[in-house]
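Chemist: Just to be clear, the model below is a prediction. Sequence and coordinates:
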Amino acid sequence: MPRTFAIPLKQHPEILLNKAQEMALANAIHFIADQMQGHFSGRGLEGTYRFDQDTLIVTVVKKPPFVTWGMVEQMLHRFFA
């Protein structure tokens, strides 16, 4: 079952995306992105994101069964922060 997370932006979207792309490369995560929306998948996690003013809306559609939703939220904050 998909779950959506709202992450407050602390940086300009362009800076955030550059960091996320670097992190994706370092962690073998497929990351297709632009400053409006994008898609990510890897390590059993799959989802989409979109920017909504000063908030990043991330919807996770797939996660490993042994990973809790709390762990997913922590990963997203690290990945997109």
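Modeler: Perfect, thanks for sending it. Residues are numbered from 1 along each chain as shown.
Chemist: Of all the residues in the longest helix anywhere in the chain, which ones are buried?
Modeler: Using DSSP state H, we find that the single longest helix of the chain is helix 13-26. Judged by neighbour count using 16 or more other C-beta atoms under 10 Å, the buried positions of helix 13-26 are 13, 16, 17, 20, 24. Heads up, the C-betas are built off the backbone N, CA and C, glycines and all.
Chemist: Now the second one: closest residue in space that isn't a chain neighbour?
Modeler: Going back to what we said before, that points to residue 16. residue 80 (6.3 Å; C-beta to C-beta, 6 or more residues apart in numbering).
Chemist: List the contacts of that neighbour.
Modeler: Neighbouring residues of residue 80 by C-beta atoms under 8 Å, 6 or more residues apart in numbering: 7, 16, 20, 49, 56, 58.
Chemist: Repeat the analysis, applying 6 Å as the threshold.
Modeler: By C-beta atoms under 6 Å, 6 or more residues apart in numbering, the residues touching residue 80 are 7, 20, 56.
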